[in-house]
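1. model this:
(one chain, ligands or ions: 2)
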Amino acid sequence: MPTKVALVFGGVSPEHAISCLTAASVLGAIDRSRYDVVGIGIAKSGRWTQVPLEEIADYRIVDGVEPAVREPDDDAVFMVTEQGAEVATRAGENLLDIRGVDVAFALLHGPFGEDGTLQGMFEMMGIRYVGCGVTSSAVGMDKQYMRIAFEAAGLPVGPYVIASDHRWRHFPDAVLAEVGALQFPVFVKPCRGGSSIGISRVENAAGLADAIEEARRFDPKVIIEEGIDGREIECAVLGNPDTPDGCEASPLGEVRVLTEDKFYDYRTKYFDEDGAALDIPAALDVDVAARIQTLAKRAFHALDCEGLARADFFVTDDGEIYINEVNTMPGFTEISMFPLLWQSTGMTYAELVGRLIDLAVGRNAGLR
Ligand SMILES: Nc1ncnc2c1ncn2[C@@H]1O[C@H](COP(=O)(O)OP(=O)(O)O)[C@@H](O)[C@H]1O
Ligand SMILES: [Mg+2]
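-> Ligands and ions are numbered 1, 2, ... in the order given. Predicted coordinates:
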C-alpha cells in the first residue's frame with residue numbers, strides 16, 4: 001500500500017507564494033508509485049481546501065504575478081477516526097473526497113506553518129510529519145529564543161538587543177540607548193519572521209526608530225543585531241538515525257549578494273535572478289569548512305531538530321564564525337540552497353524528498 005502523504009502549502013504568512021512554488025516542485029519530484037499524494041492548500045484567508053494535483057503542478061510566477069491557493073468554495077476538514085487521520089471536503093452537510101493521511105509534509109515557511117503551530121496540530125491528530133517537532137520549530141522561528149538556545153549550547157552568536165512590545169512602547173529611549181552600544185550598521189528584524197521580510201540594515205542611530213516600526217508591522221517583538229561583516233555560508237543538515245551524530249552535514253554553500261542594498265532581502269531571494277550567486281561548494285579553507293559543519297550539527301541538536309534544517313553562518317575575513325540562524329523549513333524549491341547542497345553530493349531532489357518522507361514514517365508519533 002502506498003504511503004498516504006498530505007502536502008500542506010500556502011498559508012497565512014507572507015511567504016504564501018513561495019510555499020505554492022515549493023509544492024509544485026515537491027509534487028513534480030515525489031515518487032507516485034510509493035506515495036499517494038493529497039494536496040491541502042491553506043488560502044491567504046486561512047481557509048483550508050483540497051487542491052487538485054494538476055492545479056498544484058501549475059503554480060509558477062507569471063509576469064511577476066505570484067501563485068496563490070484559490071479561495072475555496074468548499075472547505076477541507078480533518079478528522080481523527082478509527083482508521084487514523086482523514087481529510088475530507090465539506091459540501092454543505094456532506095463529506096466528499098474522504099482520504100486517509102499517514103504523513104504530512106508541510107511546505108510552509110514562517111509563522112503558522114514553520115513555527116510549531118501546525119506541528120502541534122499534527123501531534124494532536126497522531127499524524128506523522130516531515131521535519132522538526134513542535135519545540136524546535138517554535139524556537140527556530142523566534143530569533144530571540146533561538147539565540148538563547150545557541151548561547152546555552154556554546155555556539156558563537158553576535159551581540160543583539162531585544163525590543164519587546166512592552167519595552168518599545170513604554171521605554172523606547174532605554175531600547176535606543178542599548179542599541180547605541182552596538183556597532184553600526186545594525187540589522188533590525190521582526191523576531192518571528194522569515195524570507196527577510198520586514199528586515200532593514202541601519203547605518204546610524206537616526207534610522208533606528210523607523211526601522212523598528214517597520215519590523216513591528218510584522219511582529220511586535222523586534223531584534224536588533226550588530227551587523228557582521230562576513231561571508232554568508234549555509235549548511236544543510238539531514239537527520240540520519242544510522243549515524244552516531246543522528247544527523248549529517250552537507251558540503252557548504254555561499255550566498256554572494258550582488259545587489260546594492262548589500263543584504264539577502266526578499267526580492268533578491270526569490271525574484272531577482274541576478275541578485276545573488278549561490279556558490280556550491282563555498283570556497284573555504286578545509287578546516288574552516290569542517291568547523292562550520294560541526295557547528296551546523298551542534299546547532300541542529302541545540303534546537304532539538306529532526307529531519308532537516310539549514311544552518312546559516314557568517315564568516316569574517318579573519319576566520320571568525322558566527323551562527324546567524326537555523327531554518328527548520330528551509331527554502332525547498334528545486335533551485336533552493338538546501339536541495340542544491342545535497343545534489344552536490346549526488347542526492348537528487350526526488351531522492352531527498354523520498355528520504356525526508358521515509359524519515360517521518362520511521363519515527364514515532366507522539367513523544368519521542
Ligand atoms: N547580523 C547580521 N550581520 C550581517 N548581515 C545580516 C545580519 N543579520 C541579517 N543579515 C542579512 O540579512 C539577511 C536576512 O536575515 P536573516 O536573519 O537570515 O532573516 P530571515 O530569517 O528572514 O532569513 C541575511 O541573509 C543577511 O544577508
Ligand atoms: Mg535567513
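
2. From residue 292, how far out is residue 240?
-> Distance, residue 240 to residue 292, using CB to CB, to the nearest Å: 18 Å. Yep, even glycine has a C-beta here, placed from its N, CA and C like the rest.

3. Between those two, which has more neighbouring residues?
-> For residue 240 versus residue 292, neighbours defined as other CB atoms under 10 Å are more numerous around residue 292 (21 against 13).

4. you'd agree that one is in a helix?
-> Yes. Checked against DSSP: H, G, I helix; E, B strand; the rest coil, residue 292 lies within a helix.

5. who are the neighbours in contact with it?
-> Contact analysis of residue 292 by CB atoms under 8 Å, 6 or more residues apart in numbering lists 233, 235, 252, 284, 313, 315, 321.

6. Most neighbours among those residues, please name it.
-> In terms of neighbour count, residue 235 stands highest of the contacts of residue 292 at 28 neighbours, by other CB under 10 Å.

7. for that residue, which residues make a bridge with it?
-> residue 252, residue 311 (DSSP bridges).

8. contacting residues around it?
-> When contacts are counted by CB under 8 Å, 6+ apart, residue 235 touches 249-250, 252-253, 292-293, 296, 310-313, 341.

9. Where does the record place the domain boundaries for this protein?
-> Residue ranges for the domains of the chain, per automatic domain parsing: 3-131, 139-156+229-328, 160-226.

10. Just send those domains back as TSV, with distance to ligand 1 and mean pLDDT too.
-> Supplementary listing: the domains of the chain in TSV, determined by distance: least, CB to the nearest ligand atom, whole Å; pLDDT from 0 to 100:
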stretch	distance to ligand 1	mean pLDDT
domain 3-131	9	95
domain 139-156+229-328	4	94
domain 160-226	4	95
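
11. Let me have those domains in JSON lines, extended by distance to residue 368.
-> Output for the domains of the chain, formatted as JSON lines (distance: least, CB to CB, whole Å):
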{"stretch": "domain 3-131", "distance to residue 368": "10"}
{"stretch": "domain 139-156+229-328", "distance to residue 368": "8"}
{"stretch": "domain 160-226", "distance to residue 368": "25"}
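
12. between the ones you listed, which gets nearest to residue 350?
-> The closest of those to residue 350 is domain 3-131. By CB to CB, the value is 4.2 Å.

13. Endpoints of the closest one, how far apart?
-> From its first residue to its last, domain 3-131 covers 17 Å (CA to CA, to the nearest Å).

14. Tell me the backbone dihedrals of residue 69, please.
-> phi -70, psi 130 (degrees, to the nearest 10).

15. now it: how far from residue 79?
-> Taken as CB to CB, the span from residue 69 to residue 79 is 21 Å.

16. which residues does the closest residue to residue 225 other than its chain neighbours contact?
-> Leaving out its chain neighbours, the residue that sits closest to residue 225 by CB to CB, 6 or more residues apart in numbering is residue 160, at 4.4 Å. Going by CB under 8 Å, 6+ apart, residue 160 touches 147, 182, 223-226.

17. Try it again at 7 Å.
-> Neighbouring residues of residue 160 by CB atoms under 7 Å, 6 or more residues apart in numbering: 147, 223-226.

18. just residue 85 next, same as before
-> Counting by CB under 7 Å, 6+ apart, residue 85 makes contact with 78, 101, 125-127.

19. Residue 69 and residue 79 - which one has more neighbours?
-> A count of neighbours by other CB under 10 Å puts residue 69 above the other of residue 69 and residue 79, at 27 against 14.

20. pretty sure that one is touching residue 43, no?
-> Yes. Between residue 69 and residue 43 there is a contact under CB atoms under 7 Å: 4.6 Å.

21. Need the overlap of contacts for the two.
-> Between them, residue 69 and residue 43 share these contacting residues under CB under 7 Å, 6+ apart: 10, 49.

22. Surely residue 112 is in contact with residue 15?
-> No. Under the criterion of CB under 7 Å, residue 112 is not in contact with residue 15, lying 10.2 Å apart.

23. higher neighbour count, the two?
-> Ranked by neighbour count (other CB under 10 Å), residue 112 and residue 15 place residue 15 first, with 26 against 15.

24. Not counting its neighbours along the chain, what's nearest residue 241?
-> Nearest to residue 241 is residue 362, by CB to CB, 6+ apart, at 7.2 Å.

25. An error on my part: the question was meant for residue 159.
-> Closest residue to residue 159 apart from its sequence neighbours, by CB to CB, 6+ apart: residue 226 at 4.5 Å.

26. The one you found: what's it in contact with?
-> 158-160, 182-183, 186.

27. Out of the residues you listed, give me the two with the largest separation.
-> Farthest apart among the contacts of residue 226 by CB to CB are 160 and 183. That separation is 11.8 Å.

28. what's the burial count for the closest residue to residue 167 other than its chain neighbours?
-> Counting by CB to CB, 6+ apart, residue 167 lies nearest to residue 175, which is 5.5 Å off, once chain neighbours are set aside. By the criterion of other CB under 10 Å, residue 175 has 21 neighbours.

29. how about the helices of the stretch 51-200 of the chain, start to end?
-> Along the stretch 51-200 of the chain, the segments classed as helices by DSSP state H, counting those that start in this stretch run 53-57, 117-125, 134-141, 143-152, 165-170, 172-180.

30. Report the angle between the third one and helix 143-152.
-> Relative orientation of helix 134-141 versus helix 143-152 (axes from the mean of the first three to the mean of the last three CA atoms, to 10 degrees): 100 degrees.

31. Give the other helices and strands that helix 134-141 contacts.
-> helix 117-125, helix 143-152 (3 or more CB pairs under 7 Å, 6 or more residues apart in numbering; DSSP states H and E).
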